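Enquirer: When you get a sec, could you give me coordinates for this:
(one chain, ligands or ions: 1)
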Amino acid sequence: MSTIISKQNIPVGSTFLNDVLAGLTAERKSLSSKYFYDEIGDHIFQQIMEMEDYYLTNAEMEILQHQTEQIADVIAADPSAFDLIELGAGDATKSVHLLQSLINRQLEFTYLPIDISRHVIEDLEENLPKKLPTLKVEGLNGDYFAMVKKAKTLSSRRKVLLFMGANIGNMNVAEAEEFCKALRNELSAEDLLIIGFDLKKNPRQILAAYDDAAGITKSFNLNLLSRINRELGGDFDISKFDHYASYDPESGACKSYLISLSDQLVNIGDETIRFHANEHIYMEISQKYSLPEVSEIAASSGFIPVAHFFDQHQYFVDAIWKV
Ligand code: AVJ
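Expert: This next block holds a predicted model:
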């Protein structure tokens, strides 16, 4: 199929362009956080994960380092061969511990990392075999559901799904419930879902993770405007936008916005978008849960909790659910 190119060299029908224009021409402007992760965005996210304030990475790393054997026990309770499918694999630094343990047990499995970033998948396919020479890797670049469906066509083995890193937090509670329901619909009776939730905690600690003084999170958000400039022919002046993060301890919603610092017009391809001074673009939600709320999501989406693994501070939980 040939790609139709518009005057600005933007592929007509590109979902990135359509989503950006739909989001910025709406009454309440928004951009989807799934577009944060181009090569530069991946790099800034690495820096976020190394920040002292971004407690999530260390908390989940602690779980994977200290409780991998218990997690592997649950997976290995069924002796049959399986596909280990990771949604939003990123650099897989945490999953490597689990992969190593499964290899040590000589279990028959293939690792299928799914990521929205092509760059991430290429990196994993190149670098994982260096760390884990006997691992079978099959990278899938694309949206979660399309790629889970594709994985199902590749083999009929039982599936163990990994959805870690609090990636589910990028959905609001209603969307998370719908997502888990839809995921369950793709699974069979012997399948497992291992899912990581960032837990509610001191609101100041949560806010600090998304509002660092060094401005790394700010640059992570602003990079999406630069990406629109680079890929969609936009002319955002990123110095005219500021980052604003908020956390509501009642709902557990941690949200980030970009604030227009002046009345301004921005062109993206053929479209001109008007921003009022102090108008916000809603960029991202990082939803936090209490443990009962985690169990509620499991129940309402039809999953049965099997085990919970916490870090020492109970900042984070990796839950194992069965269908
Ligand atoms: C990758 C979705 C888990 O929401 O904590 C980090 C992304 N955004 N800092 C999160 C993110 C701002 C992150 N997740």
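Enquirer: CA only for contacts and neighbour counts going forward, please
Expert: OK.
Enquirer: Against Ser262, how distant is the closest residue to the ligand within the stretch 201-323 of the chain?
Expert: Checking the stretch 201-323 of the chain residue by residue against the ligand with C-alpha to the nearest ligand atom singles out Ser286 as nearest, at 4.2 Å. Remark: distance between Ser286 and Ser262 (C-alpha to C-alpha, to the nearest Å) = 27 Å.
Enquirer: Which residues does the helix or strand containing the residue of the stretch 201-323 of the chain closest to the ligand contact?
Expert: Ser286 is part of strand 280-287 when elements are defined by DSSP states H and E. Strand 280-287 has contacts (C-alpha atoms under 8 Å, 6 or more residues apart in numbering) with 24, 28-33, 168-173, 198, 221, 252-260.
Enquirer: pLDDT (mean, whole number) over that strand?
Expert: Confidence over strand 280-287, taken as the mean pLDDT, stands at 98.
Enquirer: Use 22 as the first number for this chain going forward.
Expert: Yep, numbering from 22; the last one is strand 301-308 now.
Enquirer: buried stuff in the next helix or strand after it?
Expert: Next along the chain after strand 301-308, taking DSSP H and E as the criterion, comes helix 312-321. Within helix 312-321, the residues that qualify as buried are Leu312, Val315, Ser316, Ile318, Ala319, counting by 16 or more other C-alpha atoms under 10 Å.
Enquirer: What of stretch 93-110?
Expert: Along stretch 93-110, the positions that meet the burial threshold by neighbour count (16+ other C-alpha under 10 Å) are Ala93, Ile96, Ala97, Phe103, Asp104, Leu105, Ile106, Glu107, Leu108, Gly109, Ala110.
Enquirer: now those residues in JSON lines, with distance to the ligand?
Expert: Conversion of the buried residues of stretch 93-110 to JSON lines gives the following (distance: C-alpha to the nearest ligand atom, whole Å):
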{"residue": "Ala93", "distance to the ligand": "23"}
{"residue": "Ile96", "distance to the ligand": "24"}
{"residue": "Ala97", "distance to the ligand": "27"}
{"residue": "Phe103", "distance to the ligand": "26"}
{"residue": "Asp104", "distance to the ligand": "23"}
{"residue": "Leu105", "distance to the ligand": "20"}
{"residue": "Ile106", "distance to the ligand": "17"}
{"residue": "Glu107", "distance to the ligand": "14"}
{"residue": "Leu108", "distance to the ligand": "11"}
{"residue": "Gly109", "distance to the ligand": "8"}
{"residue": "Ala110", "distance to the ligand": "10"}
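Enquirer: circling back to that earlier point, tell me which of Ser307 and Ser283 has more neighbours.
Expert: It is Ser307, of Ser307 and Ser283, that has more neighbours when counted by other C-alpha atoms under 10 Å, with 20 against 13.
Enquirer: Just give the nearest non-adjacent residue to that one, would you?
Expert: In space, and not counting its chain neighbours, Ser307 is closest to Gly190: 4.5 Å by C-alpha to C-alpha, 6 or more residues apart in numbering.
Enquirer: List phi and psi for that neighbour.
Expert: According to degrees, to the nearest 10, the main-chain angles of Gly190 amount to phi -60, psi -20.
Enquirer: Might you report the residue contacts of it?
Expert: The neighbours of Gly190, taking C-alpha under 8 Å, 6+ apart as the test, are Ala197, Phe218, Asp219, Ile306, Ser307, Gln308, Lys309.
Enquirer: tell me the helices in this protein, going along the chain?
Expert: 36-46, 60-71, 76-87, 89-97, 116-125, 139-152, 165-175, 194-207, 224-230, 237-253, 312-321 (DSSP state H).
Enquirer: So for Ile341, which of those helices sits nearest?
Expert: Minimum separation from Ile341 across these (C-alpha to C-alpha) falls at helix 89-97, 8.2 Å.
Enquirer: Not counting its own residues, what contacts that closest one?
Expert: Contacts made with helix 89-97 from outside it, assessed by C-alpha under 8 Å, 6+ apart, are listed as His118, Leu119, Ser122, Leu123, Leu128, Val181, Leu213.
Enquirer: I'd assumed Gln86 was in contact with His118.
Expert: Yes. Assessed by C-alpha atoms under 8 Å, His118 is found in contact with Gln86 at 6.4 Å.
Enquirer: picking that back up, with respect to Glu207, which of the buried residues of stretch 93-110 is nearest?
Expert: Nearest to Glu207 out of the buried residues of stretch 93-110 is Ile106 (C-alpha to C-alpha; 12.5 Å).
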